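> Quick one: sequence and predicted model below, then my questions.
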Amino acid sequence: MKIKFIPFFLLPLLIFFSASAQKEKLKFHSINSIGLSDGQSGGYFLCQTVNGLSCRKWFSGIGFGADYYPYKSYPLFLDTRKYFGKNSKGFAYGDLGYNFSGKNKPGKEVYYYTSYHFTGGIYTDIGVGYKMKFMRRSSFLFSTGYSYREINNKVGVANQCLVGPCSVDYSKYRYGNGRVIFKAGVDF
Amino acid sequence: MQTPVVRKSNYCNMNKYLFTLATTFVSLLFSVLFSGCTKDTCKHTHTYTWYEPLYKTSAEVRANIKSNPPTAIKAPGKIVIIGKYIFLNEVDKGIHVIDNTHPSSPVNIAFIDIPGNIDIAVKGNTLYADLYTDLVTLDIANPLNVTKTKIIDGVFPNRSYNYGFVADGSKIIFDWARHDTTLTEDCGQPLWNSQQLWDGRGGVLYSADASGLKNSSGSPAPIGISGSMARFALVNNYLYTVDQSYLKAFDITNSNNPTFSNKVGVDWSVETIYPFKNKLFVGSSNGMFMYDISSSPGNPVKAGEFTHARSCDPVIADDTFAYVTLHSGTTCLGYTNQLDIVKLNDLSNAELAKTYSLTGPQGLSKDDNLLFICDGTDGLKVYNAVDVMNLQLIKQFPGAETYDVIANNKIAIVVAKDGLYQYDYSALSNIHLVSKIDIKN
């Protein structure tokens, strides 16, 4: 993990200890969203759940989702958001985590292969949103953001042979996807 | 008093409206700003090895075809066992001579330099080997002092290299200098620039005669038994070879002076040849072809064929059935991993009797009612084949990535990725490893 990401992971801890120090009440939140990721490859459905604690205008939690743009993946990430504005209706968020690969097959960019193995990569998402209360403790959340994620594929091409185990040539495909993300969710 | 309240309410509504507007504006601005970043990238990193040919003159190469000091085994190919010696092909380099007096501790004692060598066969004191396109005949009466007796030029002209590489015809490639290269390009860009040697020949040979190398009794010289991966086969006074398309016959009545008899077109992707009695079973990517050599051994006559899905397919046979393993995972394509058992009652109408699903089967061998199968990463499997319609797995030796086996005289010799194994199967209840020669990778 690159050093520059360390502050991002330290932030939730900071919130927690800060709240503990000030003896402020931490509130549990579960934010469940569905959405659309839109980029060069088109529009793809996504869904995610983020569960964590809020303190004052800060929230931090752990999220997990399904992201099929364009290769299936399941991001596991840390979500941090800051609410602002009157009644804290606006918010800005940032996600950072690991993008686990789903069960994929190589696309057209891989001309020929005898084996393949998808692995994950980095997952990021930053954006802004708007919160609308609809019950005493619940809210609708709408957000838009930019997400960049990576997924890797190790492709093998076996050479023809009859003597001995056939040698295999391996190559790697690294996919980077930058998309605009639109999400609508409910905060319980 | 009411006016200020109305004003305050209006003020709050105005604030709310402005805030929503501002948030929407920021969201749209966000989308617009980042729309330029909505880019999918794909980077293809390929690490490949290419080989630079190192040449010697034909005279230099031929002068060195003799017993030289032993070298480490790196890429084993076919095997011939005769007497207490094992002749083990080092792919494209030559032949190791191994003293197997004590199967539990074989000793590598010499190396015969034959560049381009892949196939070997033995009849009595004579060893036949290919030197790229040439056929070399060696006197191996004294394995520590092997001498060449004849070289026939250009009998295997179909040998080819990858990617259109053409060797300097005036010299002989004796080795390849390895170069490792890593390239990263956007997906879709061609990365290939290698000159890898391509040649699909290989297998195991084993001599049926374990009594000794010398044959001074006047009886017919012992003839090697081909393994399922072999492309050289010996039957009586004929040496049969297959290349990519042709089956060729050489008269070896005079062992040290083979003479070309005839060639027969078989298929366009021939891989192996297996002799059984007066039949030759030729395996290709498309099927198994059967040739009769009873009436005219110098001119094999096609007796039948059995076609299957495109796949690599070593084959062996007995009186009643042919055993064909189909495996995928190589550029011979195919997605099949199985053992096909084919009825041979009527060669002109060979029928599939039974199919067994396997992991990645390659070489196989049969001794009496025991069937040995190299099942790729599953290792060596030993089956009771009394009833071929109901094979029973007796023993499995996992761990080694095996690819060919010869079972004879209660010893199964297995070529695997990490070594040459010998298993004793004299007692079915105690099939065990006798020795292993490690391969230096």
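Structure's in. What do you need?
> Surely B:E52 is in contact with B:T181?
No. B:E52 is beyond contact range of B:T181, at 11.8 Å (criterion: C-beta atoms under 8 Å). Any C-beta I mention is one placed from the backbone N, CA and C, and that applies to glycine too.
> Now do the strands in chain A.
Assigned strands in chain A, in chain order: A:27-39, A:42-55, A:58-67, A:73-84, A:90-101, A:115-119, A:121-133, A:139-158, A:168-187 (criterion: DSSP state E).
> Can I get the fourth one in CSV, CA atoms only?
What it means is strand A:73-84. Taking C-alpha atoms only, strand A:73-84 is exported to CSV below (Å, rounded to 0.1, in the frame of the first residue of the first chain):
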residue,chain,number,x,y,z
SER,A,73,-15.7,-7.1,-9.3
TYR,A,74,-16.5,-6.7,-5.6
PRO,A,75,-14.9,-3.7,-4.0
LEU,A,76,-14.2,-3.7,-0.3
PHE,A,77,-13.4,-0.2,0.9
LEU,A,78,-13.2,2.3,3.6
ASP,A,79,-15.7,5.1,3.3
THR,A,80,-15.2,8.5,4.9
ARG,A,81,-17.7,11.4,4.4
LYS,A,82,-18.1,14.9,5.8
TYR,A,83,-21.5,16.5,6.0
PHE,A,84,-21.9,20.2,5.5
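> can you count the residues close to the closest residue in space to A:F84 that isn't next to it in sequence?
In this structure, A:F84 finds its nearest non-sequential neighbour in A:G90, 5.1 Å apart by C-beta to C-beta, 6 or more residues apart in numbering or on different chains. Look at A:G90: counted by other C-beta atoms under 10 Å in any protein chain shown, it has 20 neighbours.
> Can you name the residues bridging to A:G90?
A:F84, A:Y130 (DSSP bridges).
> Need the per-residue pLDDT for it.
Note for A:G90: predicted pLDDT of 90.
> And for B:V32?
If you check B:V32, the pLDDT there is 60.
> What distance do you get for A:D95 to B:H102?
From A:D95 across to B:H102, the span is 66 Å (C-beta to C-beta, to the nearest Å).
> Can you pick out the residue with more neighbours from these two?
Each of A:D95 and B:H102 has its neighbours counted (other C-beta under 10 Å); A:D95 has more, 25 against 11.
> Go through the top strand by length along chain B and flag the buried ones.
As assigned by DSSP E, the longest strand anywhere in chain B is strand B:40-56. For strand B:40-56, a neighbour-count test (16 or more other C-beta atoms under 10 Å in any protein chain shown) marks B:C42, B:H44, B:T45, B:H46, B:Y48, B:W50, B:Y51, B:P53, B:Y55, B:K56 as buried.
> Just give the number of residues close to the nearest residue to the fourth one once chain neighbours are set aside.
So that's B:H46. Leaving out its chain neighbours, the residue that sits closest to B:H46 by C-beta to C-beta, 6+ apart is A:S171, at 3.8 Å. The tally of other residues near A:S171 (other C-beta under 10 Å) stands at 20.
> how about A:S171, what does it touch?
Residues near A:S171 by C-beta atoms under 8 Å, 6 or more residues apart in numbering or on different chains: A:K154, A:V155, A:V157, B:H44, B:T45, B:H46, B:T47, B:Y48, B:L191.
> In the stretch 201-350 of chain B, where is pLDDT below threshold?
Applying pLDDT under 70 to the stretch 201-350 of chain B flags residues B:201-227, B:308-313, B:329-335.
> Helices of that one, start to end?
Counting by DSSP state H, counting those that start in this stretch, one finds no helices in the stretch 201-350 of chain B.
> Can you give me the pLDDT of the residue nearest to B:H46?
On pLDDT, A:S171 comes in at 88.
> who does it bridge with?
Per DSSP bridges, the residues bridged to A:S171 are A:V155, B:H46.
> Pretty sure A:Y69 sits against A:L46.
Yes. Counting by C-beta under 8 Å, A:Y69 touches A:L46, with 7.1 Å between them.
> if I look at the two, which residues touch both of them?
In contact with both A:Y69 and A:L46: A:S37, using C-beta under 8 Å, 6+ apart.
> The closest residue in space to B:N430 that isn't next to it in sequence pairs with what?
In space, and not counting its chain neighbours, B:N430 is closest to B:D424: 8.0 Å by C-beta to C-beta, 6+ apart. Residues found in beta-bridge contact with B:D424 (criterion: DSSP bridges) are B:I411, B:H432.
> Tell me the pLDDT of B:D424.
At B:D424, pLDDT is 94.
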